[in-house]
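Asker: compute the structure for the input listed below.
(2 chains)
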Amino acid sequence: MTNEQIQQALSSRFGDGVWGFEETFGIFSCYIKADLNMDILRFLNEEPSMGFQFLTDITAVHFPDKKDEELCIVYHLHNLVANKRLRLRASVPISRPDIETAVPLYSGANWMERETYDFFGVNFVGHPNLVRILNADEMNYFPMRKEYPMEDPTRTDKDDEMFGRG
Amino acid sequence: MGRPVQYNTNLDNKKPVIPEGYSGEGFHATTLDHLIGLGRSHSLWPLPFATSCCGIEFMATMGSNYDLGRFGAERMGFTPRQCDVLLVAGTISKKLAPVLRQVYLQMAEPRWVVAIGACASSGGIFDSYSVLQGIDQVIPVDVYVPGCPPRPEGILDGIMRIQDLVKNESIRRRTHPRYKQLMESYGIE
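Answerer: Numbering: from 1, shown residues only, chains lettered A, B, ... in the order given. I've put the predicted structure just below:
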């Protein structure tokens, strides 16, 4: 299976829904429309010529400067038979970070999506139990978003005298 | 030939500790406070709460090279209900803080707490949203051991400081208004 075959199959099936094909760091990747994410994942999983049946990871990236595309959800897929990896990226606005859940297709997506929600606040619509998984339950912000100063001057839990900067 | 250390000049200070009191031929009278303190200080049961690299140093402290057993603290109890000293060695995340507090609450009085290492004392290098910035935010601490991680000698010194505390504090310290005030400031009854 070559990159061209994957690009050909995706483009002919989804047209404008996929773009920006490139190979970076040895992994073929492309951008997908956020509301087509499940159609594309299901196609890649169930189409015999594709066979991306293993979901390696779901994560997200926050690009504060990209207007209405602030949150980028990244899917890493693996075709175990051909040992071929594929990276899909879908962008959603931070004001309405909704994307359809992948749990019906990949059970392993359950905790990955909970983690992505926990750190980036991505709302996976239809997820059976979208609650925090790693951080303390009472946390009321999404810590991996790039909207906090490096040294938060309003923090009260850090004793500066311990660090010689009091 | 000159040697770096010819003999240990500190030995004079290390005579067996005899509590203040009245001595005579074949007897020694002292207060119950002193007697109980002496007994307690040499039979501390530590509860290791080791989460990271400081815990490895603590394991070395327990081992035969450094041998915490010399100080009467040989019996690690892995249950808070039987232990006297809580040894917190390592990074405590904010999610773990309620667990640590629960462990402390389950210990019976009298109880002491040692914060081993920079993370337990102050959060250390983890100036982060997820790490508790010192366990003294959730439980009162008696002795802080600095270091990242501290050497076993440092941990031994911390234990000896605890022994000094145990020896010299009044057995009624725990009913003292100041102690109660401290506990109330942590919301512990």
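Asker: tell me the pLDDT of whichever residue of chain B sits closest to chain A.
Answerer: The nearest approach of chain B to chain A comes at B:Ser122, 4.0 Å away (C-beta to the nearest C-beta). Where you see a C-beta, it was placed from the backbone N, CA and C, and this is true even at glycine. Each residue has a pLDDT score; the one for B:Ser122 is 86.
Asker: count of neighbours near it?
Answerer: Neighbours of B:Ser122 under the rule other C-beta atoms under 10 Å in any protein chain shown: 23.
Asker: against B:Gly187, how distant is it?
Answerer: 21 Å (C-beta to C-beta, to the nearest Å).
Asker: for chain B, longest helix please?
Answerer: When chain B is parsed with DSSP state H, its longest helix is helix B:152-168.
Asker: list the buried residues for that helix?
Answerer: For helix B:152-168, the neighbour count (16 or more other C-beta atoms under 10 Å in any protein chain shown) marks B:152, B:154-156, B:158-159, B:161-163, B:165-167 as buried.
Asker: what does it contact?
Answerer: Contacts of helix B:152-168 with the rest of the structure, by C-beta atoms under 8 Å, 6 or more residues apart in numbering or on different chains, involve B:17, B:19, B:34, B:37-38, B:40-42, B:44, B:46, B:57-58, B:60-61, B:65-66, B:68, B:71, B:73, B:85, B:87, B:89, B:110, B:112, B:114, B:116, B:142-147, B:150.
Asker: in helices, which of those residues appear?
Answerer: When DSSP H is applied, the contacts of helix B:152-168 are split such that B:34, B:37-38, B:40-41, B:57-58, B:60-61 fall in helices.
Asker: phi, psi for A:Ala136 please.
Answerer: As for A:Ala136, its main-chain torsions (degrees, to the nearest 10) stand at phi -60, psi 140.
Asker: pretty sure B:Pro98 belongs to a helix, no?
Answerer: Yes. Following the definition DSSP: H, G, I helix; E, B strand; the rest coil, B:Pro98 is counted among the residues of a helix.
Asker: who are the contact partners of the spatially closest residue to it that is not a sequence neighbour?
Answerer: For B:Pro98, the nearest residue in space outside its immediate sequence neighbours is B:Val138; the separation is 7.8 Å by C-beta to C-beta, 6 or more residues apart in numbering or on different chains. Neighbour list for B:Val138: B:97-98, B:100-101, B:104, B:132, B:186 [criterion: C-beta under 8 Å, 6+ apart].
Asker: can you redo these as CSV with pLDDT?
Answerer: Written out in CSV, the entries for the contacts of B:Val138 read as follows (pLDDT from 0 to 100):
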residue, pLDDT
B:Ala97, 91
B:Pro98, 91
B:Leu100, 93
B:Arg101, 92
B:Tyr104, 93
B:Leu132, 87
B:Tyr186, 86
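Asker: what are the ranges of the strands in chain B?
Answerer: For chain B, applying DSSP state E gives strands covering B:22-24, B:27-29, B:46-50, B:85-89, B:112-116, B:143-145.
Asker: now the ones you listed as TSV including mean pLDDT and mean neighbour count?
Answerer: Written out in TSV, the entries for the strands of chain B read as follows (pLDDT from 0 to 100; neighbours: other C-beta atoms under 10 Å in any protein chain shown):
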stretch	mean pLDDT	mean neighbour count
strand B:22-24	86	8
strand B:27-29	88	9
strand B:46-50	92	22
strand B:85-89	94	26
strand B:112-116	94	26
strand B:143-145	93	23
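Asker: same list (these) but as a markdown table, adding distance to A:Thr56.
Answerer: Rendered in a markdown table, the data for the strands of chain B read as follows (distance: least, C-beta to C-beta, whole Å):
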| stretch | distance to A:Thr56 |
| --- | --- |
| strand B:22-24 | 76 |
| strand B:27-29 | 73 |
| strand B:46-50 | 33 |
| strand B:85-89 | 35 |
| strand B:112-116 | 38 |
| strand B:143-145 | 42 |
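Asker: out of those, which is closest to A:Ile133?
Answerer: Taking C-beta to C-beta as the criterion, strand B:46-50 is the member of those that comes nearest to A:Ile133, at 23.6 Å.
Asker: convert the C-alpha atoms of that closest one to CSV, please.
Answerer: Coordinates of each C-alpha in strand B:46-50 appear next as CSV, following Å, rounded to 0.1, in the frame of the first residue of the first chain:
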residue,chain,number,x,y,z
PRO,B,46,7.4,4.3,60.1
LEU,B,47,4.8,4.2,57.3
PRO,B,48,6.5,4.8,54.0
PHE,B,49,4.4,6.7,51.5
ALA,B,50,6.9,6.5,48.6
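Asker: so that strand versus strand B:85-89, what angle?
Answerer: 20 degrees (axes from the mean of the first three to the mean of the last three C-alpha atoms, to 10 degrees).
Asker: which elements pack onto strand B:46-50?
Answerer: If you count contacts as 3 or more C-beta pairs under 8 Å, 6 or more residues apart in numbering or on different chains; DSSP states H and E, strand B:46-50 packs onto helix B:53-62, strand B:85-89, helix B:97-106.
Asker: just the ones you listed: most buried one?
Answerer: Relative to the other members of the helices and strands packed on strand B:46-50, strand B:85-89 carries the highest mean neighbour count by mean count of other C-beta atoms under 10 Å in any protein chain shown, namely a mean of 26.
Asker: quick one: strands adjacent to that strand?
Answerer: Paired with strand B:85-89 in the same sheet, following DSSP bridges, are strand B:46-50 (parallel), strand B:112-116 (parallel).
Asker: residues in contact with it: which ones?
Answerer: By C-beta under 8 Å, 6+ apart, the list of residues contacting strand B:85-89 from outside reads B:44-52, B:54-55, B:57-58, B:73, B:80, B:100, B:103-104, B:107, B:111-117, B:120, B:135, B:139, B:149, B:155, B:159, B:162.
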